[in-house]
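Colleague: Curious how this folds, go ahead:
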Amino acid sequence: MEHFLGFEQPLFSRPFKPILPPEDLGVQGDTAMLLFIYTDHLPDVEEIMGSESSSSSAIMVQHLLAAADRFTLDRLKLLCEVNLCGELAVDNVATTLSLAELHRCQQLKSICLKFAAAKLGGV
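Modeller: So this is what the prediction gives:
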């Protein structure tokens with residue numbers, strides 16, 4: 001299959017490598033991202049994960065935000081930002097703030113800083 005119409009095709013001479021390595025998002029993350037691509041809505045992450053834990057759903061949304069930035073899915077990135085703003089807690093604000101800084105999410109960064117100032121001011 002290397003030769004097509006007499007031309008060498010470098011695409012077929014290399015082994016297939018998935019675009020999104022499995023360790024990045026996992027099956028649930030891939031499912032959530034594909035659902036977004038097909039529906040243009042942020043899917044219910046808790047339903048996809050089969051978990052009621054808000055911390056595990058926040059972690060999944062954090063991974064989705066990173067993938068959205070990586071693949072320039074700007075609307076998914078914005079929806080993840082909004083979701084993470086609603087999931088802020090004292091135990092995840094530092095992680096969310098560093099994620100916001102890393103992926104250039106100014107709105108999320110601003111809200112994290114305000115949250116930290118209000119909740120952690122006395123610490």
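Colleague: ok, the nearest residue to residue 64 once chain neighbours are set aside - contacts?
Modeller: Once flanking residues are discounted, residue 64 sits nearest to residue 80: 5.2 Å by CB to CB, 6 or more residues apart in numbering. All C-beta spots, glycine's among them, are computed from the backbone N, C-alpha and C. Residues near residue 80 by CB atoms under 8 Å, 6 or more residues apart in numbering: 42, 61, 62, 64, 65, 68.
Colleague: Kindly recompute the last result at 6 Å.
Modeller: 61, 64, 65, 68 (CB atoms under 6 Å, 6 or more residues apart in numbering).
Colleague: hang on, the first one is in a strand, isn't it?
Modeller: No - the assignment for residue 61 is helix, going by DSSP: H, G, I helix; E, B strand; the rest coil, so no strand is present there.
Colleague: Relative to residue 121, how far out is it?
Modeller: Taking CB to CB, to the nearest Å as the measure, residue 61 falls 26 Å from residue 121.
Colleague: So which of the two has more stuff around it?
Modeller: Applying other CB atoms under 10 Å to residue 61 and residue 121 shows that residue 61 carries more neighbours, namely 25 against 7.
Colleague: Could you tell me the per-residue confidence at the more buried one?
Modeller: Among the per-residue scores, residue 61 holds a pLDDT of 90.
Colleague: Mind giving me the packing neighbours of the host helix or strand of residue 25?
Modeller: If you go by DSSP states H and E, residue 25 is part of helix 22-39. Here helix 22-39 touches helix 45-49, helix 54-70, going by 3 or more CB pairs under 6 Å, 6 or more residues apart in numbering; DSSP states H and E.
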